[in-house]
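Novice: The sequence isn't on hand, but the structure is:
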């Protein structure tokens, strides 16, 4: 029964994703036309051979005229966001939250650039989508260290995020007040993995945004999402297994095999579609 429910959910999600992709592709013609008009290209007003062509940049001029006043309305105030206290005694926490968002989160998240980008998209493409997320990444550093004594070696590899890749031990004779002595030294190669993150704001490219065609707003849509292409290094940085990621075929390496694999996965979902329609 649980397997049947998973198949039904997978089939429903597959249908919603396909509906969002088809709707996105339908709107792509309007977006291309809007960008052409913004650049002054007017393909729907053909000209005779060897005659002057119609060039109009009224769309660009109108957007550049309206955009500054729109940005001033949104970002012109000292406080982009202001929290109001709900209960008695919430004044201090509301003020602290307001200061934290306006003076820490919003600048660090590139909020000003994101708002300008989404406003520009809204004026040019008739829609602008902005999203926020906590961007968590892993940073991998490989380094070599030579001539370490035992105490320095222990301190170097004591952290949990340090992995020893190579280690070489040798003996070196040094002079001490008590006379010559042999001291063990080490050469090591380590890998240090550190995690860091921060909040991010960014305008969503409309060619990557998926929404149901019957939805009026994001809240009304049964599915919303992003369809993006990532590099292998990005997937590894996100924490996915490196060997598994690099075992997949590269995009464009073998188009026919990629299309066959894509069709095979789609067929699996299409077979499950009957579970929903029955």
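Specialist: Nice, thanks for sending it over. Please read these numbers as outputs of a predicted model, since none were measured by experiment. Numbers count the residues shown, from 1 in each chain.
Novice: Now do the buried residues in stretch 181-200.
Specialist: 185, 186, 188, 190, 199, 200 (16 or more other C-beta atoms under 10 Å). The way it works is simple: take the backbone N, C-alpha and C, and place the C-beta from them, glycine included.
Novice: Among these, which are located in strands?
Specialist: Judged by DSSP state E, strands contain the following of those: 185, 186, 188, 190, 199, 200.
Novice: Closest one to residue 53 out of these, please.
Specialist: Among these, residue 200 lies closest to residue 53 (C-beta to C-beta), at 42.3 Å.
Novice: for the record, mean pLDDT for the lengthiest helix in the chain?
Specialist: Ranked by residue count and defined by DSSP state H, the top helix of the chain is helix 2-38. Averaging pLDDT along helix 2-38 gives 87.
Novice: What of stretch 105-115?
Specialist: 90.
Novice: Just the closest of the ones in strands among the buried residues of stretch 181-200 to residue 104, please.
Specialist: residue 199 (9.2 Å).
Novice: what sits against that closest one?
Specialist: Remark: with contacts taken as C-beta atoms under 8 Å, 6 or more residues apart in numbering, residue 199 is in contact with 105, 108, 109, 132, 133, 134, 135.
Novice: swap in residue 187?
Specialist: Residue 187 sits next to 144, 145, 146, 147, 148, 166, 167, 168, 170 when contact means C-beta under 8 Å, 6+ apart.
Novice: just the residues you listed now: which is nearest residue 57?
Specialist: Looking across the contacts of residue 187 and measuring by C-beta to C-beta, the closest to residue 57 is residue 144, at 57.1 Å.
Novice: after the longest helix of the chain comes which helix or strand?
Specialist: Sequence order places helix 58-75 as the next helix or strand after helix 2-38, per DSSP states H and E.
Novice: about what we covered before: please tabulate the contacts of residue 199 in TSV and include neighbour count, secondary structure and distance to residue 71 as additional columns.
Specialist: Formatted as TSV, the contacts of residue 199 follow (neighbours: other C-beta atoms under 10 Å; DSSP: H, G, I helix; E, B strand; the rest coil; distance: C-beta to C-beta, whole Å):
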residue	neighbour count	secondary structure	distance to residue 71
105	18	helix	19
108	12	helix	20
109	20	coil	17
132	13	strand	19
133	11	strand	23
134	9	strand	26
135	12	strand	24
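Novice: right, and the pair among those with maximum separation?
Specialist: The largest separation in these, counting by C-beta to C-beta, is between 108 and 133 at 13.2 Å.
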